[in-house]
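1. With the input below, show me the fold.
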Amino acid sequence: MASLHLHSVAPVAVTRHRATAPSHFKALPSPHSLVPALSSRDTFCHSPLTVPLRPALTVRPARRSLSVPSASAMPAPSPAVPDHLVQFAHRLADAAREVVPPFFRRPISIELKADESPVTAADRAAEEAITALIRAEYPAHGILGEEQGLQGPVGAAGAGEEGAVCEWVWVVDPIDGTASFITGKPLFGTLIALLHGGRPVLGVLEQPVLRERWVGVHGRPTTFNGLPVATRRCAALRDAYVYTTSPDLFPGASGEAFRAVKGGARKANYGCDCYAFGLVALGCVDVALEFGVKPWDYLALAPIVAGAGGKMTDWRGGELRLASLRPEEWVGDVVATGDPELHATVLATLAWEQRNKGE
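-> Numbering: from 1, shown residues only. Below is the predicted model:
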């Protein structure tokens, strides 16, 4: 991979004014052609043909196969995600790949939202590019975007429960990791999820600067730039490498829970946002966890982790889905592990049901 050079840029100016977004986009080449051919036995972070983040970890438990899960071995989708929706998800990711890079490491105005989190013209331009395509191609589908909120028929018509979610909903986070983006670190990502009945059945993690793309589809193996990938085996927490965005994002009892996991792991690392969950799917990282996140931060990641052989739930072990449109009912704590055996250990270490009683 070619190295990235950081050029000097003018200091960013923090304002509360809306910046102008680019108004047109063009198609990009398929990401499938951007990586060298590997054999079906190769996996990222395990293959001698790739340059891993570090040498492959040899864990103390007995060795197991690192084979990519086959489609026949995975749960059958219900319903199957049509191929035309998978291809459309690629088009949405292509739009983000076209829009975001011109803003990267350039002077850019930063606005502060009500919760003091940053937002830029790149966030708004990428989300508008994605949602405009959805509105044009699938007007009957609902949209939940981080910046634009609810669009289209998101609520189920005639649903017995107020706030119920309609059949097909796209959930979009144009730049997950805006703090990384505005500080020139290419470890952010565009997240695109497709929900069926509130459950994530398709997820895309697009890193538009590095031109990397993870795609998870329920019932199929996860791919990275078109190639199947698999998590690695690590059944013991003492052998695990753990990632989270920041140790400062765990208030109260959640901080105690995180410190318990950190204290039992081999090493804790920080600062990757959604990218850490992609590294779990690649077999480079063993645990990724977050607290205080929103559905657009994690729903796209669940099919990606699952399709690579891992497991992703809330801190109680519950399924990740959008059961309601009421924000107060949304899950805000998530954890992913590459080895399903490790998942049970991490949940027991978090002990969230017990720690959260007083919160």
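2. can you list the weak-confidence ranges in the chain?
-> 1-44, 46-79, 156-164, 358-359 (pLDDT under 70).
3. Let me see the ranges of the helices in it.
-> Ranges of helices in the chain, per DSSP state H, are 83-99, 121-137, 178-182, 252-264, 275-282, 295-298, 301-307, 340-350, 352-355.
4. Ok, which of those comes nearest Val229?
-> Closest approach to Val229 among the helices of the chain (CB to CB): helix 275-282, 5.4 Å. Where you see a C-beta, it was placed from the backbone N, CA and C, and this is true even at glycine.
5. buried stuff in that closest one?
-> Tyr275, Ala276, Phe277, Gly278, Leu279, Val280, Ala281, Leu282 (16 or more other CB atoms under 10 Å).
6. any idea how far the second one lies from Ser117?
-> Distance, Ala276 to Ser117, by CB to CB, to the nearest Å: 18 Å.
7. same question, the fourth one
-> The span separating Gly278 from Ser117 equals 21 Å under the rule CB to CB.
8. repeat for the fifth one
-> From Leu279 over to Ser117 the distance is 23 Å, taken as CB to CB.
9. Equivalent analysis for Arg321, please.
-> Arg321 is 24 Å from Ser117, by CB to CB.
10. what does Gly216 give?
-> From Gly216 to Ser117 the distance is 26 Å (CB to CB).
11. okay, those two: which has more neighbours?
-> Legend: neighbour count by other CB atoms under 10 Å for Gly216 and Ser117, higher for Gly216 (26 against 11).
12. Run a quick check on that one versus Val305, I expect a contact.
-> Yes. Between Gly216 and Val305 a contact is recorded at 7.2 Å, counting by CB atoms under 8 Å.
13. Please enumerate the shared neighbours of the two.
-> Counting by CB atoms under 8 Å, 6 or more residues apart in numbering, the contacts common to Gly216 and Val305 are Thr222, Ala281.
14. List the residues that contact the residue nearest to Leu322 when sequence neighbours are not counted.
-> Nearest residue to Leu322, sequence neighbours excluded (CB to CB, 6 or more residues apart in numbering): Gly198, at 4.7 Å. Shown in contact with Gly198 (CB under 8 Å, 6+ apart): Val165, Val169, Arg321, Leu322, Ala323.
15. do the same with Met312
-> Per CB under 8 Å, 6+ apart, neighbours of Met312: Phe277, Tyr298, Leu301, Ala302, Val305, Ala306, Leu320, Val334, Val335, Ala336, Thr337.
16. Leu227: which of those is nearest?
-> Val305 (16.7 Å).
17. So the closest one is in contact with Phe277, correct?
-> Yes. Between Val305 and Phe277 there is a contact at 6.1 Å, judged by CB under 8 Å.
18. Which residue ranges of the stretch 151-300 of the chain form strands?
-> 168-176, 189-196, 199-207, 212-217, 223-224, 227-228, 241-244, 267-270, 287-291 (DSSP state E, counting those that start in this stretch).
19. JSON lines for the ones you listed, including distance to Asp83?
-> As requested, those are exported to JSON lines (distance: least, CB to CB, whole Å):
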{"stretch": "strand 168-176", "distance to Asp83": "15"}
{"stretch": "strand 189-196", "distance to Asp83": "13"}
{"stretch": "strand 199-207", "distance to Asp83": "11"}
{"stretch": "strand 212-217", "distance to Asp83": "9"}
{"stretch": "strand 223-224", "distance to Asp83": "14"}
{"stretch": "strand 227-228", "distance to Asp83": "17"}
{"stretch": "strand 241-244", "distance to Asp83": "32"}
{"stretch": "strand 267-270", "distance to Asp83": "37"}
{"stretch": "strand 287-291", "distance to Asp83": "29"}
